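Chemist: Predicted model follows, preceded by the sequence.
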Amino acid sequence: MKRPIPSSPLVPSAALQTDGAPVHSRRQWLRLLGAAGLGAAGLALVPEVRVFAQQVQEFIEGPPVPDVAPVQLSPHVWMVYAKDGFPTAENQGLMASVLFVVTQKGVLVFDTGASLQIGQMAIRMIKTVTPQPVVAVFNSHYHGDHWLGNHAFVEAFGADLPIYALAHTREQIAGAEGNLWRSLMERWTNQATMGTRVFAPNQTVQSGQVLDYGDVQVKMHHYGTAHTPSDLSLEVVQDRLTCVGDIAMDNRIANIDDGSYVGTFKYYDELQKATGEQLWIPGHGRGSRDLLNRYGEFLAGIYEPCLKAVKAGEPMEAARAAVLKDPRVASRAKTMDGFESNIGKYISLAYLEAEKEAF
């Protein structure tokens, strides 16, 4: 349900459409206020109007997101950390971290958050670290909590700002997934993200491609379906740090509806062979040098009992019991966010994938 438009004795009755719905255009509001004898200079002098204008702005765009001070992870890489979880009205959709890399040629941003407002906050935080402009954005995949903030960066740095992604991600965001995720985020946050528009990536990258930013080179990695069919990992070569998006998570079961357990294991193997030891930074949660190994063990604790059950001709119920007893899973049950509400679904997905692999 939409938030009610704020009322004010200073607003003419024409500010409402004939069906009672609020007029959303800023230009219409200014014209109507002007008709009431309140020019731009007058608006600034009337406290009630200033308050009302702020309320109208929040109706149109949703409220600003409070600042989250950036944390330095390595010589060139910083994180605007989002407390892990799921999008709500309380967190305003801030549940995926924004990473940025400061280089001689400007700032690179890996994932921009779930809204215009989160992107605006991230830009404010970047400016506390460096006066340099953002010269490139990278979107890890097409789930909206990682790219809807593109809007803020295009608004701040121009329509020609390069926004890089794998081809499939670019196609999905430009297609139905873009508006679907915009609408979902508005609903999940009780319209806190309202005003966000879809800005799809405008540049395509490929696995193995290296982009040079003077003192920093970044390398693209993709090794098939993991969390989604098109997960981009970004290696900051000089820092031995790789941003992995959602192919691994610190303390949460990653959505694998569009992905693959077997594909994730393959992706981890290929990525580690290509990069060697790294500091792995996920889109959700804290990074570590053993993130892929720890999260891979957890996923194996779900998938391997399912594969064993399938090969033995046992039903999904037996697989579920075996998964919940597996120490790789049981050890995370009490501490992992969303475990109780999600484990059943991801056991089912593992069992279905195991059926395909076994036969």
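Modeler: Yep, it's here. Numbering: from 1, shown residues only.
Chemist: Verify the assumption that Q206 is located in a helix.
Modeler: No. Under DSSP: H, G, I helix; E, B strand; the rest coil, Q206 sits outside any helix and is assigned coil.
Chemist: Can you list phi and psi of it for me?
Modeler: When quoted as degrees, to the nearest 10, the phi and psi of Q206 stand at phi -130, psi 160.
Chemist: K273 versus that one, what's the distance?
Modeler: When distance is defined by Cβ to Cβ, to the nearest Å, Q206 is 18 Å away from K273. Every C-beta, even on glycine, is put in place using the N, C-alpha and C of the backbone.
Chemist: tell me what the strand or helix carrying L352 is packed against?
Modeler: Under DSSP states H and E, the secondary-structure element containing L352 is helix 339-358. Applying 3 or more Cβ pairs under 8 Å, 6 or more residues apart in numbering; DSSP states H and E, we find helix 339-358 packed against helix 261-275, helix 291-311, helix 316-325.
Chemist: Need the winner for burial among these.
Modeler: Each of those was scored by mean neighbour count; the highest is helix 291-311, a mean of 21, by mean count of other Cβ atoms under 10 Å.
Chemist: before we move on, the earlier item: what's the helix holding L352 in contact with?
Modeler: Helix 339-358 is contacted from outside by 253, 256-257, 260-262, 302-303, 306-307, 309-311, 316, 319-320, 323-324, 329, 332-333, using Cβ atoms under 8 Å, 6 or more residues apart in numbering.
Chemist: and if we set it to 6 Å?
Modeler: If you take Cβ atoms under 6 Å, 6 or more residues apart in numbering as the criterion, helix 339-358 is touched by 253, 256, 261, 302-303, 306-307, 310-311, 316, 319-320, 323, 333.
Chemist: Same check on stretch 97-114?
Modeler: By Cβ under 6 Å, 6+ apart, stretch 97-114 touches 76-82, 93, 119, 122, 126, 130, 132-138, 140, 145-150, 153, 185, 213-216, 234, 236, 243, 283.
Chemist: any idea what sits nearest the residue nearest to the spatial centre of the chain, other than its immediate chain neighbours?
Modeler: Using Cα atoms, centre = their mean, the residue of the chain that lies closest to the mean C-alpha position is H146, 2.0 Å off. Nearest non-adjacent residue to H146, counting by Cβ to Cβ, 6 or more residues apart in numbering: D111, 4.3 Å away.
Chemist: Then A318?
Modeler: Of all residues not flanking A318 in the chain, A309 sits nearest, at 5.3 Å (Cβ to Cβ, 6+ apart).
Chemist: Equivalent analysis for V71, please.
Modeler: Beyond its immediate neighbours in the sequence, the residue positioned closest to V71 (Cβ to Cβ, 6+ apart) is M79, lying 5.2 Å away.
Chemist: Pull the contacting residues for that neighbour.
Modeler: Contact partners of M79, counting by Cβ under 6 Å, 6+ apart, are 71, 73, 97, 99.
Chemist: 10 Å instead?
Modeler: For M79, the contacting residues are 68, 70-73, 97-100, 110, 125, 243, 281, 286-287, taking Cβ atoms under 10 Å, 6 or more residues apart in numbering as the criterion.
Chemist: can you pull out the strands in the stretch 1-150 of the chain?
Modeler: With DSSP state E, counting those that start in this stretch as the definition, the stretch 1-150 of the chain shows strands at residue ranges 71-72, 77-80, 98-103, 106-110, 134-138.
Chemist: Any chance of the ones you listed in CSV with mean pLDDT as columns?
Modeler: CSV is the format used below for the strands of the stretch 1-150 of the chain (pLDDT from 0 to 100):
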stretch, mean pLDDT
strand 71-72, 98
strand 77-80, 98
strand 98-103, 98
strand 106-110, 98
strand 134-138, 98
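Chemist: I'd like those strands laid out as TSV, including distance to M194.
Modeler: Written out in TSV, the entries for the strands of the stretch 1-150 of the chain read as follows (distance: least, Cβ to Cβ, whole Å):
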stretch	distance to M194
strand 71-72	29
strand 77-80	21
strand 98-103	20
strand 106-110	23
strand 134-138	22
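Chemist: Test my guess that S183 contacts T189.
Modeler: No. The pair S183 / T189 is not scored as a contact, 11.3 Å apart, by Cβ atoms under 10 Å.
Chemist: What about P131, how many residues nearby?
Modeler: The number of residues packed near P131 is 7, by other Cβ atoms under 10 Å.
Chemist: need the contact list for it.
Modeler: P131 makes contacts with V107, as judged by Cβ under 10 Å, 6+ apart.
Chemist: Can we start the residue count at 36 from this point?
Modeler: Sounds good: first residue 36 from here, last item P166.
Chemist: Give me the pLDDT for it.
Modeler: Listed pLDDT for P166 reads 98.
Chemist: I'd like to know how far it sits from S109.
Modeler: Separation of P166 from S109 (Cβ to Cβ) stands at 20 Å.
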